[in-house]
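> okay, here's the prediction I keep looking at, along with the sequence it came from:
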Amino acid sequence: MTSITLRRPDDMHLHLRDGAMLAAVLPETARHFARALVMPNLVPPVVTAREAAAYRDRIRAALPEGMAFDPLMTLYLTETTDPADVAAAAASGLVTAVKLYPAGATTNSQSGVRDFARVQGVLDRMAEIGLPLCVHGEVTDPDIDIFDREAVFIDRVLDPLRRRTPGLRVVMEHITTRDAVDYARSAGPDLGATITTHHLILNRNHILAGAIRPHYYCLPVAKRERHRLALREAATSGEARFFLGTDSAPHPDARKEQACGCAGCFTATNTMPILAHVFEEMCAMDRLEGFVALHGAAFYGLAANQARLSLSKRATAAAWPEKILGGAGSVTVFNPGFPVYWHVDD
Ligand code: NCD
Ligand code: ZN
C-alpha cells in the first residue's frame, strides 16, 4: 500500500496551553486534526463552565485564518466542583468530558483530587447525564514505584470508583501497561482507553539507557518493552474501546533540558506519519481510520468527521522541524528515532 485516505482524525487528549504557546502549537494540530479533546490543566486550571467557555474563545481566536478545527472542551475536576455547573456545561454542549487528575500525579495537577469521596456527587451526576470522565490513572503514593503507579491505580482507585458509580462512562487516559489493556478489555462499552503515539514507540530504555533523554520523559512514564508491545497490539486491534489521544504536551526546551525537567512529549506535528508507520508495521493499515477517526468519536457520541486526510508513502523520509518556536522559547518535536516514509498529503 502506498497511499491511504482517512476521515480526518480526532485527537482525544491534547494539551494546547494558553497565550503564546497556544498560538504556536495550535496550527500543528489543526493542520491534520478536525477536533481535539483539550485538556484543562492550565495554571490556574479550567474548572468552571465559564472558564471553559473563555478558554474555547481563546483557542478559536488563536486559530490561523483558513484552518478548520473544533476544540472539544473539558473541565478539571476539583473537590469543590459543583455538580450543577458541570451538568449545565454538558447540557449546553460546551463540554465533552470532565478530567480527573489525582493531586500531584502530573504537570499542573496540584488542584486535583485527594479525597475521592468528595467528588462522588459530581460522578453520580455525570453517570446520570452520560458525561464521560477522563482519568489520569496513576496513584501518587510515594511508596509506590513510579513504574507500578498505573497498575496500582486500577486496583485501588479505578475499579472501586467504577463499581460505586454504575453507568459512569470512563476513559483511561494514555494507558502505558498490559495491565491497563487487560482491564479495558474486561469491561463493557462504558470504558474506553486512549493510547498516545509516543507510547507505541518508546520503552523505558529509550529514556534511560546510555544517557538520559528528557524529550522522552512524559507521564505516565514509558514502561518495559512487553508493555509497549501490548499497546501496539491494542491500538491496531480494531477494537472500538481503544482510540488515539496523543497527549501532545508542549514544554519550552529550557524547562525540559534541566536538572528538574518537566514531563511531556510534543507529538502534534508528526503523529499521523508515525502512526501510519506503526500500523503498516503491524499489517493493520485498514484499522488506522478506526483508531484515529471513528472509535473516539463513537465513544463520545460525536459524528465522524466528513473531511478527509490522505497520506502517501514516498521514497524519501518525511521531514519536520526539529523544533517549533513556542511561547517561552523552542519546543522540541518528538523524534521517533527512525525514518518515517509516510507523508501527509497537502
Ligand atoms: C502533561 C502536561 O505536560 O500537561 N504531561 C505529560 O507528561 N503527559 C500532563 C499529563 O497528561 O499527564
Ligand atoms: Zn495529558
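Alright, I've got the coordinates. Numbering: from 1, shown residues only. Ligands and ions are numbered 1, 2, ... in the order given.

> can you pull out the helices in the stretch 151-300 of the chain?
Secondary structure of the stretch 151-300 of the chain (DSSP state H, counting those that start in this stretch): helices at 159-164, 178-186, 204-208, 225-235, 253-256, 271-281, 288-289, 295-299.

> so how far is the fourth one off the chain centroid?
Here the centre of helix 225-235 is set off from its chain's centre by 17 Å, with Cα atoms, centre = their mean, to the nearest Å.

> and Arg35, how far from ligand 1?
18 Å (Cβ to the nearest ligand atom, to the nearest Å). Quick note: C-beta positions are derived from backbone N, CA and C, even for glycine.

> start at 53, not 1
Sure, I'll start counting at 53 from here, so that last one is Arg87.

> list the residues that contact the residue nearest to Lys308 when sequence neighbours are not counted.
Distances taken as Cβ to Cβ, 6 or more residues apart in numbering put Pro266 closest to Lys308, at 4.7 Å, once the chain neighbours are dropped. For Pro266, the contact set (Cβ atoms under 8 Å, 6 or more residues apart in numbering) comprises Lys308, Glu309, Gly313.

> most neighbours among the residues you listed, which one?
Highest neighbour count within the contacts of Pro266, by other Cβ atoms under 10 Å: Lys308, with 21 neighbours.

> you'd agree that residue is up against His267?
Yes. With contact defined as Cβ atoms under 8 Å, Lys308 reaches His267; the gap is 6.1 Å.

> residues that sit against both of the two, list them.
With Cβ under 8 Å, 6+ apart as the test, Lys308 and His267 both reach Thr384.

> how about the helices of the stretch 203-352 of the chain in TSV, adding mean pLDDT and distance to ligand 1?
Shown next, in TSV, are those (pLDDT from 0 to 100; distance: least, Cβ to the nearest ligand atom, whole Å):
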stretch	mean pLDDT	distance to ligand 1
helix 211-216	98	18
helix 230-238	98	14
helix 256-260	98	12
helix 277-287	99	15
helix 305-308	96	10
helix 323-333	98	14
helix 340-341	98	23
helix 347-351	98	16
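
> and Thr159, how many neighbours does it have?
Residues near Thr159, counting by other Cβ under 10 Å, number 18.

> so what's it scoring on pLDDT?
Here, the pLDDT recorded for Thr159 equals 86.

> which SS class is it?
coil (DSSP: H, G, I helix; E, B strand; the rest coil).

> and the closest residue to Pro135 other than its chain neighbours, what does it touch?
Nearest non-adjacent residue to Pro135, counting by Cβ to Cβ, 6+ apart: Arg177, 4.0 Å away. Applying Cβ under 8 Å, 6+ apart to Arg177 gives the contacts Pro135, Val138, Ala139.

> before we move on, what about Lys308?
Residues in contact with Lys308 (Cβ under 8 Å, 6+ apart) are Pro266, His267, Tyr269, Cys314, Gly316, Thr384.

> which residue, neighbours along the chain excluded, lies closest to the fifth one?
Distances taken as Cβ to Cβ, 6+ apart put Ala301 closest to Gly316, at 2.9 Å, once the chain neighbours are dropped.

> which residue packs closest to Leu183, ignoring adjacent ones?
Counting by Cβ to Cβ, 6+ apart, the residue nearest Leu183 is Ala142, at 4.5 Å.

> just checking, that neighbour touches Ala179?
No. Ala142 is beyond contact range of Ala179, at 12.0 Å (criterion: Cβ under 8 Å).

> tell me which of these two has more neighbours.
Neighbours around Ala142 and Ala179, counted as other Cβ under 10 Å, are more numerous at Ala142. The numbers are 21 against 18.

> which residues are contacting the one helix or strand that one maps to?
Assigned by DSSP states H and E, Ala142 belongs to helix 135-143. By Cβ under 8 Å, 6+ apart, the residues outside helix 135-143 that reach it are 100-101, 104, 127, 147, 150, 173-174, 176-178, 181, 183.

> buried subset of the residues you listed?
Burial by neighbour count, judged by 16 or more other Cβ atoms under 10 Å, picks out Thr100, Ala101, Ala104, Leu127, Val147, Val150, Val174, Arg177, Met178, Leu183 from those.

> and the two most separated of these?
Ala104 and Arg177 (16.5 Å; Cβ to Cβ).

> burial count for the nearest residue to Leu361 once chain neighbours are set aside?
Spatially, and ignoring its direct neighbours in sequence, Leu361 is nearest to Arg60 (4.9 Å; Cβ to Cβ, 6+ apart). Per other Cβ under 10 Å, the neighbour tally for Arg60 reads 18.

> quick one: contacts for Arg60?
Shown in contact with Arg60 (Cβ under 8 Å, 6+ apart): His84, Phe85, Ala86, Ala345, Asn357, Ala359, Arg360, Leu361.
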